[in-house]
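J.: Here's my sequence, what's the structure:
(one chain, ligands or ions: 1)
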Amino acid sequence: MQSIYLLRVAIAGRTRRVGRRDIEEKDMHGLKKKIAIVAGAAPGNIGGATAVRLAEEGMLVVAADLNPAAAQAVADEITAFDGTAVAHGVDISDEDSYTELIDFTVERFGGVHGLFNVAADLSPQTIGRDSDVVSEPLEVWRHTTDVTLTGYMYGIRSLLVDGGANFT
Ligand SMILES: NC(=O)c1ccc[n+]([C@@H]2O[C@H](COP(=O)([O-])OP(=O)(O)OC[C@H]3O[C@@H](n4cnc5c(N)ncnc54)[C@H](O)[C@@H]3O)[C@@H](O)[C@H]2O)c1
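T.: This is a model prediction of the structure:
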């Protein structure tokens with residue numbers, strides 16, 4: 001399923017040094033001091049790399065994952081180059097857990113400007129049994145849609161409640 005992201009980014013082409021590397025192709029503007037949540041952030045995966053990249057642009061990042069130690073490792077990587085990040089555990093398939101992540105972010109940084117949700121269960125017991133509609137175990141179908149469909153909806157819904165008061 002497609003990853004859903006809510007990030008308003010202005011893009012212009014030029015080269016400059018950001019953090020530890022040259023950004024050559026696309027340069028993001030207007031992100032400094034903005035607040036981002038990356039759900040599904042672990043070292044070496046898409047969320048982890050995105051969290052680092054956003055922090056290099058000066059965003060204040062909440063690295064969130066089902067595995068809190070993995071999220072913490074991403075936050076540590078960011079703070080090691082003087083970026084700003086904190087880690088938080090989340091189970092995106094649990095609406096209360098997602099709401100708690102949003103509340104944590106608002107309490108810590110004062111709002112949310114961007115949510116990048118790329119969490120997914122690609123473990124062998126799930127993706128390894130995710131076959132075809134005839135033979136796929138129903139529990140695998142339900143779990144997959146709970147995480148990568150309903151979970152993504154929970155994130156957007158948690159942000160947009162109360163007229164989007166937290167989505168600054
Ligand atoms: N890696 C690729 O080349 C690639 C390409 C295209 C699309 N994708 C898609 O992008 C998504 C992420 O890919 P990836 O390679 O980074 O996967 P990954 O398995 O490395 O990372 C997914 C992260 O989500 C976390 N997670 C699992 N269940 C969760 C839950 N309930 N709540 C919170 N976090 C949870 C995991 O702990 C893990 O850290 C997947 O949907 C994948 O299909 C990946």
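J.: Going by C-alpha atoms from here, please, whenever you check contacts or count neighbours.
T.: OK.
J.: Beyond the strand or helix carrying I102, next helix or strand please.
T.: For I102, the enclosing helix or strand under DSSP states H and E is helix 95-109. Tracing the chain C-terminally past helix 95-109 and defining elements by DSSP H and E, one meets strand 114-117 next.
J.: Nearest the middle, which residue of this protein would you pick?
T.: Among the residues of the chain, the smallest C-alpha distance to the mean C-alpha position (CA atoms, centre = their mean) belongs to V38, namely 1.8 Å.
J.: which residues are contacting stretch 83-96?
T.: 39, 55-56, 58-68, 71-72, 74-76, 78-79, 97-98, 101, 119, 146-148, 150-152, 154-155, 158 (CA atoms under 8 Å, 6 or more residues apart in numbering).
J.: tell me which parts of the chain are close to the ligand?
T.: 40-42, 45-47, 65-67, 90-93, 118-122, 147 (CA under 6 Å from any ligand atom).
J.: Mind doing that once more with 8 Å?
T.: Contact residues of the chain with respect to the ligand, defined by CA under 8 Å from any ligand atom, are listed as 1-3, 39-48, 64-67, 70-71, 89-94, 118-123, 147-148, 151.
J.: hey, where'd the helices end up in the chain?
T.: With helices called from DSSP state H, the chain shows them at 46-56, 68-80, 95-109, 124-127, 138-145, 151-164.
J.: just so I know, which of these lies nearest H29?
T.: For the helices of the chain, the distance to H29 is smallest for helix 46-56, at 10.7 Å, taking CA to CA.
J.: what angle do the closest one and helix 68-80 make?
T.: Between the direction of helix 46-56 and that of helix 68-80, the angle (axes from the mean of the first three to the mean of the last three CA atoms, to 10 degrees) works out to 30 degrees.
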